[in-house]
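S.K.: pasting the sequence and the predicted model now:
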Amino acid sequence: QVQLVESGGGLVQAGGSLRLSCAFSGGSFSNYALSWFRQAPGKEREFVAAVGWSGDATDYSDSVKGRFTVSRDDANNMIYLLMNKLKPADTAVYYCAAGNKYGDYGSLYDYWGRGTQVTVSS
C-alpha cells in the first residue's frame, strides 16, 4: 500500500521561503505522477503543483506560478515543493498526492498524505 508522509511545514514571515518534502513508500515510485494540493480553513482543497513521471512535465496553479517549484527525486522516492516569496494567502495545510494519471484534479490521485501546516505571517 502506497504511503505518503509530508514534512517541512511551519511558520514563516511573508516574503520568506519553505521547502516541503514528501516521502513515498509502498509502491513503484516511477509509476506515479505526483502533486501538491492545499486547503485553507473554510475553503475547498485546491491544486498547487504537479510533476509527471519523468520529472520533465510540471504544472502550477496561477496563484503560485513563478514562486513555487515542484520536483521529484526518483533515487530517494521523494517529492519536493520549494516555496519562495510566500504570502499570507499561502497559509494552508499542504498535501502531497500520487496517482497513475497526471493533472490538476484531486480525483486523479489515488493516494494522499496527511498534510503539513504552512502558516505565513504578515
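M.R.: It's in. Small disclaimer: the values here were computed from a predicted structure and weren't measured.

S.K.: in this protein, which residue is closest to the centre?
M.R.: Centrality entry for the chain: nearest residue to the mean C-alpha point is W36, 2.4 Å, by CA atoms, centre = their mean.

S.K.: count the neighbours of the closest residue to that residue other than its chain neighbours for me.
M.R.: Excluding the flanking residues, the one nearest W36 by CB to CB, 6 or more residues apart in numbering is V48, at 4.3 Å. Heads up, the C-betas are built off the backbone N, CA and C, glycines and all. By the criterion of other CB atoms under 10 Å, V48 has 25 neighbours.

S.K.: which element is V48 on?
M.R.: Here V48 sits within strand 46-51, counting by DSSP states H and E.

S.K.: what number of residues lie near K85?
M.R.: So K85, with other CB under 10 Å, has 13 neighbours.

S.K.: skipping adjacent residues, who's closest to it in space?
M.R.: Closest to K85 by CB to CB, 6+ apart is R67, at 4.7 Å.

S.K.: just the pLDDT for the one you found.
M.R.: pLDDT recorded at R67 is 98.

S.K.: again, but for the one 5 residues further on
M.R.: Taken from the predicted model, the pLDDT recorded for R72 is 97.

S.K.: helices or strands up against the helix or strand where F24 lies?
M.R.: Assigned by DSSP H and E, F24 falls within strand 18-25. Strand 18-25 sits against strand 3-7, strand 33-39, strand 78-83, strand 92-99, strand 116-121, with contacts defined as 3 or more CB pairs under 8 Å, 6 or more residues apart in numbering; DSSP states H and E.

S.K.: in terms of contact, does G52 touch Y102 like I think?
M.R.: Yes. Between G52 and Y102 there is a contact under CB atoms under 8 Å: 5.2 Å.

S.K.: return every residue with contacts to both of those two.
M.R.: A33 (CB atoms under 8 Å, 6 or more residues apart in numbering).

S.K.: wait, what's in contact with Q1?
M.R.: Per CB under 8 Å, 6+ apart, neighbours of Q1: G26, G27.

S.K.: which residues sit against stretch 72-82?
M.R.: Contacts for stretch 72-82 (CB under 8 Å, 6+ apart): 17, 19-25, 29-30, 34, 36, 48-49, 51, 55, 68-71, 94, 96.
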